[in-house]
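Trainee: sequence plus the predicted model coming up.
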Amino acid sequence: MRSLFNTLILSICLGLFVFSAIYFWQKHRIDEHHEHLTTFEWFCEEFEVTPEQRKKIEALHTAYFPECEDHCIHYADTKETLAHIIEDPDLDQAPEHVDAARSLAELEKEADKEFIDFVYSVAAEMSPESSERYLTRMKGWLDQSTKIAKD
Amino acid sequence: MKEDPFSEKLESTLDHLRSDPESGDLRDFERKVWAEIALHDERPIARIRRWFSDGVPVLTKPAAIGIPALTILLGAAAAVAQSSKYKEQATLSMEQRYVSSIHAVLRSETYQEESPKS
């Protein structure tokens, strides 16, 4: 027979110990796994890409990266130019302002189009289930990019 | 020898008290008074310690084993749920990195966040 007080103290200590041991062990395992993973390796693992599919998809990614990089730099430059124009009250509604804003909007549309084309080309190489899951998740990011561009 | 009136009166009162059924209650009352006095004289720490040892209910053996076992199970379940949440967050972070590498606008935002502000 034990007193309620002693039992409760012992139980709380045991519960906390078990929680900490399992949680930190799992956290360490997850961190260690993700630490040594490239984004492409993560993609293959997450969407269960087979070795055969991997070769084709990797080639698609490799071909697309430089194009995306150029587009990214162009977009960042245009955004910076527009930010400078907005800061200058003399250039308010000036042709430069209108041009930069139009150019940025076009680049955003182009980025979305390239992204959609790319994800569909990747999805075409995947199994139907993985492909559907991949497209659904990528669509979510497309909505987010539109929101970011508006902000 | 003739007793004086006071002694007679005292004797009769004592007899009355002895024959009174409430005299037992009187002894109980006396005991309770002494217990209260003893409790009052006790030091606060000793009093708290005594409250825990005497005042807190004791558990039967199955309950004393069952409560720690239940908290171990609850701790394990909470840890599994929490680590699953952590895994979801880690996956989301990897997904964000992946998407940033294939979407020009998101990639540009990532660069801006990473690069130091001038």
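Mentor: Ah, there it is.
Trainee: quick one: pLDDT of B:K117?
Mentor: On the pLDDT scale, B:K117 is placed at 43.
Trainee: burial check on residue 83, number of neighbours?
Mentor: Looking at chain A here, since you left the chain open. The burial metric for A:A83, expressed as a neighbour count using other CB atoms under 10 Å in any protein chain shown, is 10. Where you see a C-beta, it was placed from the backbone N, CA and C, and this is true even at glycine.
Trainee: actually chain B
Mentor: A count of neighbours around B:S83, defined by other CB under 10 Å, yields 19.
Trainee: distance check, the spatially closest residue to it that is not a sequence neighbour against B:I37.
Mentor: By the measure of CB to CB, 6 or more residues apart in numbering or on different chains, the closest residue to B:S83 outside its immediate chain neighbours is A:Q26, 3.5 Å from it. Between A:Q26 and B:I37 the distance, using CB to CB, to the nearest Å, works out to 59 Å.
Trainee: and what of B:I102?
Mentor: On the measure of CB to CB, B:I102 and B:I37 end up 84 Å apart.
Trainee: more neighbours, those two?
Mentor: Per other CB under 10 Å, whichever of B:I102 and B:I37 has more neighbours is B:I102, with 21 against 10.
Trainee: so what's the more buried one up against?
Mentor: For B:I102, the contacting residues are A:H61, A:Y64, A:F65, A:C68, A:F115, A:F118, A:V119, by CB atoms under 8 Å, 6 or more residues apart in numbering or on different chains.
Trainee: can you check the pLDDT for it?
Mentor: Model confidence at B:I102, expressed as pLDDT, equals 89.
Trainee: over to it: give its phi and psi.
Mentor: Here the main-chain torsion angles of B:I102 (degrees, to the nearest 10) amount to phi -120, psi 0.
Trainee: so for whatever helix or strand the residue nearest to B:S83 lives in, what gets flagged as buried?
Mentor: Taking DSSP states H and E as the definition, one finds A:Q26 inside helix A:4-35. Of the residues in helix A:4-35, those with enough neighbours to count as buried (16 or more other CB atoms under 10 Å in any protein chain shown) are A:5, A:7-8, A:11, A:14-15, A:18-19, A:22-23, A:26-27, A:30.
Trainee: same deal with stretch A:137-146?
Mentor: Residues of stretch A:137-146 classed as buried by neighbour count (16+ other CB under 10 Å): A:M138, A:W141, A:L142, A:Q144, A:S145.
Trainee: pLDDT (mean, whole number) over stretch A:26-34?
Mentor: On average, stretch A:26-34 scores 93.
Trainee: ok now it, how far from the chain's centre?
Mentor: From the chain centre to the centre of stretch A:26-34 is a distance of 19 Å (CA atoms, centre = their mean, to the nearest Å).
Trainee: strands paired with the helix or strand of chain A with the lowest mean pLDDT, and their directions?
Mentor: Lowest by mean pLDDT, DSSP states H and E among the helices and strands of chain A is strand A:2-3, with a mean of 75. Using DSSP bridges, strand A:2-3 pairs in its sheet with strand B:58-59 (antiparallel).
Trainee: per the record, what domains does chain A have?
Mentor: Following automatic domain parsing, one gets these domains for chain A: A:1-36, A:50-150.
Trainee: domain parsing for chain B?
Mentor: B:1-58, B:61-118.
Trainee: select the longest helix from chain A.
Mentor: helix A:51-87 (DSSP state H).
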